[in-house]
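Engineer: Sequence and predicted structure below; questions after.
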Amino acid sequence: MVSDGRILVHFGSERVSVYRHQSGELRLLTRERLPFGAGLVGEALADSVGEFCAGLKEFTEVVDNKSTRVHATGVFQQLPQPEADALVNSVYVDTGLYFNIVGSELEQFYLDTGMSACGSNDMVEGLIRREFRTVVVCGSFQQSLGDIEGTITQLRETGTEVLSPRSTRIKPETEGTDFILFDYQDLLKNERDTWRHKYVHMDAFRQADAVVVCNPGGRVGSGTVFELGFMSALSKRVIFTKEPLGVSVSFPCEVGLGA
């Protein structure tokens, strides 16, 4: 995390709030009214969001997808999926930031968490305490299993449920092979059965609040690149543990765990 803390931005229907989260403390930096409830759509909406994000350099030297987190609720939740995807893409191209449109159920979870923890009805107070209800963790199980286990432990310590993999104990029969299986998975019927296991893992993306890609050293393997296409098709929030290297097409994502 950057030395001066992470900048958190919350776009609502009529106002945007900017916070600094540092050493477990959340501090409101500014709160402004914006006309997002006045019929802005398409490029005009994206331009308005991008213009505001460009002004974040007033609060921090670096504005990128590692040091800055952008969340949106209210009117943004009402956008049809194609329009929401277009907005996310436009903001990413213009600013390099991931515009995370928080679903209504997850927003309520944040509100309940904040109220329970400190009596606050500010969504961001809940978000910094528990960012995810559920996640899927991806990465090279052959080459980075130790790092993946560390990432899973970090997530579970916050109360997050890891939907897949449910366990990282390897079936002895598959250790050292090109396709390892964990103790809760049944053995392959044949070489084509690898697809069934891969699909079950990817299908869990649908239920997860985010997909965390464990990529120590920045490396992203070919199997993970394949999965990234599925994540993108589902408009899923993607967080890399390290800056991704070797990915030919940049896409909306975030880098680094922790709100």
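Structural biologist: Noted; the coordinates are in hand. Numbers count the residues shown, from 1 in each chain.
Engineer: What score does A259 have for pLDDT?
Structural biologist: With respect to pLDDT, A259 has a value of 67.
Engineer: Same question for E51.
Structural biologist: With respect to pLDDT, E51 has a value of 90.
Engineer: Then T134?
Structural biologist: Per-residue confidence for T134 comes out at a pLDDT of 98.
Engineer: could you pull out the strands for the stretch 1-150 of the chain?
Structural biologist: Under the criterion DSSP state E, counting those that start in this stretch, the stretch 1-150 of the chain contains strands at 6-11, 15-22, 25-33, 68-72, 99-101, 134-138.
Engineer: In TSV: those, plus mean neighbour count and distance to D186.
Structural biologist: For the C-beta atoms, the positions are set from N, CA and C on the backbone; glycine is no exception. Putting the strands of the stretch 1-150 of the chain into TSV (neighbours: other C-beta atoms under 10 Å; distance: least, C-beta to C-beta, whole Å) gives the following:
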stretch	mean neighbour count	distance to D186
strand 6-11	22	42
strand 15-22	19	43
strand 25-33	13	46
strand 68-72	25	39
strand 99-101	22	36
strand 134-138	24	20
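Engineer: can those strands go into JSON lines with extra columns for distance to G258?
Structural biologist: As requested, those are exported to JSON lines (distance: least, C-beta to C-beta, whole Å):
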{"stretch": "strand 6-11", "distance to G258": "7"}
{"stretch": "strand 15-22", "distance to G258": "9"}
{"stretch": "strand 25-33", "distance to G258": "13"}
{"stretch": "strand 68-72", "distance to G258": "9"}
{"stretch": "strand 99-101", "distance to G258": "14"}
{"stretch": "strand 134-138", "distance to G258": "13"}
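Engineer: So, low pLDDT: which residues of the stretch 151-259 of the chain?
Structural biologist: 259 (pLDDT under 70).
Engineer: Show me the helices in it, by range?
Structural biologist: 194-203, 222-233 (DSSP state H, counting those that start in this stretch).
Engineer: just so I know, which of those helices lies nearest L87?
Structural biologist: L87 sits nearest to helix 222-233 of all the helices of the stretch 151-259 of the chain, at 15.1 Å, using C-beta to C-beta.
Engineer: can you give me the angle the closest one makes with helix 194-203?
Structural biologist: 50 degrees (axes from the mean of the first three to the mean of the last three C-alpha atoms, to 10 degrees).
Engineer: what about helix 222-233, distance to the chain center?
Structural biologist: Once both centres are worked out by C-alpha atoms, centre = their mean, to the nearest Å, helix 222-233 turns out to sit 14 Å from its chain's centre.
Engineer: which secondary structure elements does that helix contact?
Structural biologist: helix 194-203, strand 210-213, strand 238-240 (3 or more C-beta pairs under 8 Å, 6 or more residues apart in numbering; DSSP states H and E).
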